[in-house]
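Trainee: pasting a predicted model and its sequence here:
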Amino acid sequence: FFAKPLPEDRVGIQDFVLLDAHNSETAFLDNLKKRFTEDLIYTYIGTLLISVNPYKELDIYTKKQMDLYMGVNFFELPPHIYALADNVYHTMLSEANNNFILISGESGAGKTEASKKILQYYAVSCPSSTLMDTVRDRMLMSNPVLEAFGNAKTMKNDNSSRFGKYMDIQFDCQGDAVGGHILSYLLEKSRVVHQNHGERNFHIFYQLVEGGEEDLLRHLGLEKDTKRYSYLVQV
Ligand SMILES: Nc1ncnc2c1ncn2[C@@H]1O[C@H](COP(=O)(O)OP(=O)(O)OP(=O)(O)O)[C@@H](O)[C@H]1O
């Protein structure tokens, strides 16, 4: 018998709880930096997950990685967002209670991407039924629409969410997803008429003007040239 091969992760300390200098900010940051330079972007503080944005595609979100983390004890494998997602799911089922994942960080930290990784993980790992597929498709496929209307390029992030998002997935006692909600709040409406220097309006306006079909543009009285519209070319 062969044990599942563990991904390499022997850089620094995987869990800050084990850091000797536990009240030293420098030691904390050094550990994060050391791991980050080896493309290890995740580190735990107990059950809390710290993620550092790599700003490049890493080979850590494959189906193989998902399989590795499915149903495995939280601390058994190197820190990963899949471990967190899996742990929350199983805790919910075993405790028959609501559970939540709170994602926070400054603009560009990777919150939106993290939420998408979690959804993708559930899409693959949760039991599948026709209803589940519908829920899954709606949760996953609503993202591009929400991002078109609610995201914009800012100085910090080319795809910055300019609204808060609350998302819930409802599961039955078997662990099948049976429904969900996505609520948006505090949309930065002022961006429609004013953007700071170097920033852009919501993606949808450019997508419409540049990518809209001729008939639609004619119907809306628009021309295929974003430079004609002052709300789209503020400097
Ligand atoms: N895990 C990741 N792997 C690779 N690239 C990432 C990852 N997370 C984030 N990025 C990159 O960083 C960019 C910004 O991330 P994201 O939009 O998730 O930030 P955010 O915290 O939601 O920002 P905002 O608060 O402005 O919406 C992404 O468009 C992507 O290019």
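Mentor: Nice, thanks for sending it over.

Trainee: show me which positions of the lowest-mean-pLDDT helix or strand in the chain end up buried.
Mentor: Lowest on mean pLDDT, DSSP states H and E among the helices and strands of the chain sits helix 130-150, with a mean of 87. Across helix 130-150, burial judged by 16 or more other Cβ atoms under 10 Å covers Met132, Val135, Arg136, Met139, Asn143, Leu146, Glu147, Phe149, Gly150. In this view, the C-beta of every residue, glycine as well, is placed from N, C-alpha and C.

Trainee: in CSV, list those along with distance to the ligand.
Mentor: Converted to CSV, those look like this (distance: Cβ to the nearest ligand atom, whole Å):
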residue, distance to the ligand
Met132, 25
Val135, 23
Arg136, 20
Met139, 17
Asn143, 11
Leu146, 11
Glu147, 9
Phe149, 14
Gly150, 9
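
Trainee: and Tyr166, that one's in a helix?
Mentor: No. Using DSSP: H, G, I helix; E, B strand; the rest coil, the assignment for Tyr166 is strand, not a helix.

Trainee: show me what the least confident helix or strand of the chain is packed against.
Mentor: Contact analysis of helix 130-150 by 3 or more Cβ pairs under 8 Å, 6 or more residues apart in numbering; DSSP states H and E lists helix 111-125, strand 164-171, strand 177-185, helix 203-211 as its packing neighbours.

Trainee: tell me which of those is the most buried.
Mentor: Scoring the helices and strands packed on helix 130-150 by mean neighbour count under mean count of other Cβ atoms under 10 Å gives helix 111-125 as the most buried, with a mean of 18.

Trainee: relative to strand 177-185, how tilted is that helix?
Mentor: Angle of helix 111-125 versus strand 177-185, following axes from the mean of the first three to the mean of the last three Cα atoms, to 10 degrees, is 170 degrees.

Trainee: contacts for helix 111-125?
Mentor: Where contact means Cβ atoms under 8 Å, 6 or more residues apart in numbering, the residues beyond helix 111-125 that reach it are 51, 53, 61, 63, 66, 69-70, 81-82, 84-86, 89, 101, 103-105, 136, 139-140, 143, 147, 151, 159, 161, 165, 167, 169, 177.

Trainee: apply 6 Å and report the result again.
Mentor: Around helix 111-125, the neighbours that count as contacts under Cβ atoms under 6 Å, 6 or more residues apart in numbering are Met66, Met70, Ile81, Tyr82, Ala85, Ile103, Gly105, Arg136, Met139, Leu140, Ser161.

Trainee: got the CA positions of it in PDB?
Mentor: C-alpha atoms of helix 111-125 as PDB (Å, rounded to 0.1, in the frame of the first residue of the first chain):
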ATOM      1  CA  LYS A 111     -11.200  38.000  -1.700                       C
ATOM      2  CA  THR A 112     -13.200  37.600  -4.900                       C
ATOM      3  CA  GLU A 113     -10.800  34.900  -6.200                       C
ATOM      4  CA  ALA A 114     -11.000  33.100  -2.900                       C
ATOM      5  CA  SER A 115     -14.800  33.000  -2.900                       C
ATOM      6  CA  LYS A 116     -14.700  31.600  -6.500                       C
ATOM      7  CA  LYS A 117     -12.200  28.900  -5.400                       C
ATOM      8  CA  ILE A 118     -14.500  27.900  -2.600                       C
ATOM      9  CA  LEU A 119     -17.500  27.700  -4.900                       C
ATOM     10  CA  GLN A 120     -15.500  25.700  -7.500                       C
ATOM     11  CA  TYR A 121     -14.500  23.300  -4.700                       C
ATOM     12  CA  TYR A 122     -18.100  22.800  -3.600                       C
ATOM     13  CA  ALA A 123     -19.100  22.400  -7.200                       C
ATOM     14  CA  VAL A 124     -16.700  19.400  -7.500                       C
ATOM     15  CA  SER A 125     -16.900  17.900  -4.000                       C
END
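
Trainee: no further questions, thank you.
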